[in-house]
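Participant: Fold the following, please.
(2 chains)
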Amino acid sequence: MFLESKEEVIIEKEEFKPLIVAFCCNWCSYAGADLAGTSRQNYPANIRIIKVPCSCRVNPNFVLRAFQNGADGVVIAGCHPGDCHYSTGNYFTRRRLTIFTNLLDYIGIERERLKVDWISAAEANKFASVMNEVLEKVHKLGPNRKLRDVRWKR
Amino acid sequence: MARIGVFVCWCGSNIAGIVDVKEVAKEAAKMPGVVLSTDYQYMCSEIGQNLFKNAIKEQKLDRVVVAACSPRMHEATFRKAAESVGLNPYLVEIANIREHCSWVHKNKVEATEKAIALVRAAVAKATLNQELIAGEIGIEKRALVIGGGIAGIQTALDIADAGYTVDIIEKTPSIGGKMAQIDKTFPTLDCSACILTPKMVDASMHPNINIHTYSEVEKVSGYVGNFEVTINKKARSVIMEKCSGCGVCIEKCPSKKTKSEFEEGLINRKAIYTPFPQAVPNVPVIDREACIKFKTGKCGICKKVCTAEAIDFEQENTKIVQKYGVIIVSTGYDLMDLDRFGEYAYGEDPDVITSLEFERLTNAAGPTSGKLLRPSNHKKPEKVVFIQCVGSRDNTCRGKTYCSKICCMYTAKHAMLIKEKYPDIEVHVFYIDIRTPGKNFDEFQRRAVEYYGVNYIKGMVGKVFPDGEKLIVSGVDTLIGETIEIDADLVVLAVATKAKDDAEELGRKLSISTDTNNFFTEAHPKLRPVETHSAGIYLAGACQGPKDIPETVAQASAAASKAIILLSKSKLVNNPCVAEVDEALCCGCLECTNICPYEAISSKTIEIREHGKIVKKLVSEVNEALCQGCGGCTVTCRPSAIDLNGFSNKQILAEVDALCF
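Facilitator: Below you'll find the predicted structure:
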């Protein structure tokens, strides 16, 4: 009986399913995610993608709102530097989110919960591996409780 | 309250095999605003589309969500279908439950849960969707070609033949470009000038083509269909309309100290000159830095001898402002500087020359009238060594990482040209690899080896140094694993091609991007090879990457046809998903104007009523035709006054909320 209950505890711990919100730019990363689908690259179902025209459209507010509403990790994916469809958008993303990551550090959110990466339309493998990597890290960190709005029920 | 319809597609078993579509439809029906939720096997089929259209009409739906494949696949299909029954196409939202769900997940329960979340996000966004109407813009039916080499000439001729006016801007005094310098072309060995000069004349005689030589692009503003370009026409000091091209002025000019650019510095030219005898236009130009009259004020011989009274020392640079619908960039390439390659003794020993200098040396119209003579002592060489990949495929910081593509072929050509004229000259070629893909290319290179007996040595050269009258080329033959030394009379370097030095600057003016090597970047490496990311600007020739003549001409015609497609339209439809300013919130800091890569945001002063008084207020203003809808400005805006239609702050936040539900 004792042994069984211990196992149950372990199972319960493993059942933490982190929720990851991924903002993907329309031209590279969203297409990369599509290609991951076409080439049947498996990644866990708790990654939810939001399409934005460019990674520079992602306002840090969106990231905070995701954390507030119970997301455990956020990914922002854009075209590789130099390849932005809008020529310079991802440079702004890079700078803004570097500063924003520092802010997250300051308020006590682990910086591993936010990932900014460049995934081209051809990088289906990279898309899946980045998602798996973020998920693994967030899994280790456990649920995000710092910013979570207590009125939110999840 | 919105009346939303949700349509869940099975996509055969692609979605329904993993996702419980019935469950998704059932859950969707409970979402706020959803009045209809249904599923069907193939929503994109005709029956599926009819179901979609009828539901919109019968249920008076004002928003629709299709949970199906990626919006990149069928968003356009459903938008069109919605438009056909009178629903604004931008009220359609797609939930991607195939590529982003059923195809990447194996667990049915989790996949269904995710599909429901994705539909919930799409419903939340759709609720906030607004009708967007695409604007129309007119098109200036005129094309600008920047660069008058073979690429520019071909593009201009094609567009002009289609009936549109074309202006060519060329930096040097004549069109023709690099191809005019070349002696023979591979793999046919036909004379380069014989095939190029007729095209140059065609371009100059064409009623639809205007050529601005000795001119540069100073400023570009505007957008697709309506570019406004300022052209700086440098003072030629010769009146084009009066000059008869007799050449007496050139003959009598006493200043002979300037190296001829066209002859690659092998001989000098006068201060008043035409680059080459077949120049188009055949009007000389005065090099003000070399001219004695401009330097000391004493001379003016050319003016005295000119019977047409065409010389005008007072001429000034003029600026032309012209509107264009499309721009084609065909600025070509240059050879790399060899400052960092001291081992080849280029610049130290006159008998070490570049391949382009060799073209002039072997050209019948060149400085030696086609006789192959050593530049040092004007004697016929006995041994010639060619060194390939000088600076190409070089991973160190001094060279270029890419293959220059044309060197293997032109070196084989050069070797053959020597052997043809002087079978007694020994020819050696050092190479890393021979790369000859192309129609009749490999046969051509093999002919050099097998028929003409050119000695190909696989290996690189370590040093070239003078030994008496000779040059010792010390290299390694990797196939036999030995170092070898050849006492050559002439060494020809196949120097790497590079992008023009001012490519980046021009790219910035046109807001088109360049790659790490400063070649212009195409919109898609495979599917949009001649377009740039800026609508209405196209690329032709070696400014996009190293290319041979047939490829350049093919790309030039491709760019021309893209330009013609655009020019033939009566109106352009622009993307309505553009930024919009809320003037009441805008504080006039104009941060957004700095970030915009398209310079689409400007400022204006408006009058508002504040506390009963009318006050002036500075606000930003978005030019809808210029805005491409990246949304970068929305994040810089502190009062959140600027928002992006179709991807508004509220819409994205609603999606975030729905996904975290």
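Participant: For the rest of this, base every contact and every neighbour count on C-alpha atoms.
Facilitator: Fine.
Participant: What are the structural domain limits within chain B?
Facilitator: Following automatic domain parsing, one finds the domains of chain B at B:4-127, B:136-234+B:317-332+B:500-573, B:235-316, B:336-498, B:579-645.
Participant: Of all those domains, which one is nearest residue A:106?
Facilitator: domain B:579-645 (21.1 Å; Cα to Cα).
Participant: any residue of that closest one up close to chain A?
Facilitator: Yes. Using Cα under 8 Å from any Cα of the partner chain, domain B:579-645 comes into contact with chain A via B:597, B:628-635.
Participant: ends of that domain, how far apart?
Facilitator: End-to-end span of domain B:579-645 (Cα to Cα, to the nearest Å): 6 Å.
Participant: which parts of chain A sit against chain B?
Facilitator: A:19, A:21, A:31, A:33-38, A:40-46, A:48-50, A:52-54, A:56-59, A:62, A:65-66, A:69-71, A:82, A:85-89, A:92, A:154.
Participant: and residue B:424, backbone torsions?
Facilitator: phi -80, psi -10 (degrees, to the nearest 10).
Participant: Touching, it and residue B:382? I think so.
Facilitator: Yes. Using Cα atoms under 8 Å, residue B:424 makes contact with residue B:382 at a distance of 7.5 Å.
Participant: Between the two, which is the more surrounded one?
Facilitator: residue B:382 (15 against 12; other Cα atoms under 10 Å in any protein chain shown).
Participant: Leaving out sequence neighbours, find the closest residue to that one.
Facilitator: residue B:425 (4.9 Å; Cα to Cα, 6 or more residues apart in numbering or on different chains).
Participant: just checking, the one you found touches residue B:385?
Facilitator: No. Using Cα under 8 Å, residue B:425 is not in contact with residue B:385; the gap is 10.5 Å.
Participant: Tell me which of those two has more neighbours.
Facilitator: residue B:385 (25 against 17).
Participant: List the residues that contact that one.
Facilitator: B:427-430, B:473, B:488, B:490-492 (Cα atoms under 8 Å, 6 or more residues apart in numbering or on different chains).
Participant: try 10 Å
Facilitator: By Cα atoms under 10 Å, 6 or more residues apart in numbering or on different chains, the residues touching residue B:385 are B:352, B:415, B:426-430, B:455-456, B:471-473, B:486-493.
Participant: For it, which three-state class applies?
Facilitator: strand (DSSP: H, G, I helix; E, B strand; the rest coil).
Participant: Need the pLDDT of it.
Facilitator: Residue B:385 is assigned a predicted lDDT (pLDDT) of 97.
Participant: beta partners of it?
Facilitator: According to DSSP bridges, the partner residues bridging residue B:385 are residue B:428, residue B:491.
Participant: What's the separation between it and chain A?
Facilitator: 40 Å (Cα to the nearest Cα, to the nearest Å).
Participant: how far away is that residue from residue B:430?
Facilitator: Residue B:385 is 8 Å from residue B:430, by Cα to Cα.
Participant: Tell me the residues that contact both of the two, please.
Facilitator: B:455-456, B:493.
Participant: buried residues in stretch B:207-215?
Facilitator: B:208-215 (16 or more other Cα atoms under 10 Å in any protein chain shown).
Participant: oh, I was asking about stretch B:137-149
Facilitator: Buried, per 16+ other Cα under 10 Å, within stretch B:137-149: B:137, B:139-149.
Participant: now do stretch B:454-472
Facilitator: B:454-461, B:464-466, B:470-472.
Participant: Are there residues contacting both of residue B:425 and residue B:385? Which ones?
Facilitator: With Cα under 10 Å, 6+ apart as the test, residue B:425 and residue B:385 both reach residue B:415.
Participant: And for residue 107, the neighbour number?
Facilitator: All of this refers to chain A. Residue A:107: 11 neighbours (other Cα under 10 Å).
Participant: hm, I was asking about chain B
Facilitator: By other Cα under 10 Å, the residues close to residue B:107 number 13.
Participant: any idea how far it lies from chain A?
Facilitator: Between residue B:107 and chain A the distance is 8 Å, computed by Cα to the nearest Cα.
Participant: quick one, what contacts the residue nearest to that residue when sequence neighbours are not counted?
Facilitator: Spatially, and ignoring its direct neighbours in sequence, residue B:107 is nearest to residue B:18 (7.4 Å; Cα to Cα, 6+ apart). Residues near residue B:18 by Cα under 10 Å, 6+ apart: B:10, B:98, B:101-112.
Participant: And residue B:518, its phi and psi?
Facilitator: phi 70, psi 10.
Participant: list the contacts for it?
Facilitator: Here residue B:518 is in contact with B:498-505, B:507, B:543-545 (Cα under 10 Å, 6+ apart).
Participant: TSV for those residues, including secondary structure and neighbour count?
Facilitator: Shown next, in TSV, are those (DSSP: H, G, I helix; E, B strand; the rest coil; neighbours: other Cα atoms under 10 Å in any protein chain shown):
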residue	secondary structure	neighbour count
B:498	strand	25
B:499	strand	23
B:500	coil	19
B:501	coil	12
B:502	coil	11
B:503	helix	20
B:504	helix	20
B:505	helix	13
B:507	helix	17
B:543	helix	26
B:544	coil	25
B:545	coil	24
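Participant: how about those, which pair is most distant?
Facilitator: B:505 and B:545 (16.9 Å).
Participant: While we're on residue A:47, how confident is the model there?
Facilitator: 93.
Participant: With the one 10 residues further on instead?
Facilitator: Predicted confidence (pLDDT) at residue A:57: the value is 95.
Participant: Wait, it touches residue B:645, no?
Facilitator: No. Assessed by Cα atoms under 10 Å, residue A:57 is found out of contact with residue B:645, at 11.8 Å.
Participant: count of neighbours near the closest residue to residue B:43 other than its chain neighbours?
Facilitator: Distance criterion Cα to Cα, 6+ apart; nearest residue to residue B:43, sequence neighbours excluded, is residue B:9 at 5.4 Å. A count of neighbours around residue B:9, defined by other Cα under 10 Å, yields 27.
Participant: who touches residue B:9 in this structure?
Facilitator: So residue B:9 contacts B:15-16, B:21-22, B:25, B:38-44, B:48, B:66-69, B:97-98 (Cα under 10 Å, 6+ apart).
Participant: Next step: these restricted to helices.
Facilitator: Within the contacts of residue B:9, residues falling in helices by DSSP state H are B:21-22, B:25, B:48.
Participant: Specify the beta-bridge partners of whichever residue of the stretch 351-500 of chain B sits closest to chain A.
Facilitator: Nearest residue of the stretch 351-500 of chain B to chain A: residue B:499, at 17.1 Å (Cα to the nearest Cα). Beta-bridge pairing for residue B:499 (DSSP bridges): residue B:333.
Participant: quick one: pLDDT of it?
Facilitator: Taking residue B:499 on its own, its pLDDT is 96.
Participant: these two touch, right, it and residue B:546?
Facilitator: Yes. With contacts counted by Cα under 10 Å, residue B:499 reaches residue B:546, the gap being 8.6 Å.
Participant: what sits in contact with each of the two?
Facilitator: Joint contacts of residue B:499 and residue B:546 (Cα under 10 Å, 6+ apart) are B:332-333, B:519.
Participant: What is the nearest of the residues you listed to chain A?
Facilitator: Nearest member of the shared contacts of residue B:499 and residue B:546 to chain A, counting by Cα to the nearest Cα, is residue B:519, at 12.5 Å.
Participant: Could you double-check that that closest one lies in contact with residue B:540?
Facilitator: No. Between residue B:519 and residue B:540 there is no contact under Cα under 10 Å: 11.4 Å.
Participant: higher neighbour count, the two?
Facilitator: Under the criterion of other Cα under 10 Å, the comparison of residue B:519 against residue B:540 puts residue B:540 first, with 34 against 22.
Participant: The more buried one and residue B:555 touch, don't they?
Facilitator: Yes. Using Cα under 10 Å, residue B:540 makes contact with residue B:555 at a distance of 5.4 Å.
Participant: where do the contact lists of these two overlap?
Facilitator: B:151, B:154-155, B:529-530.
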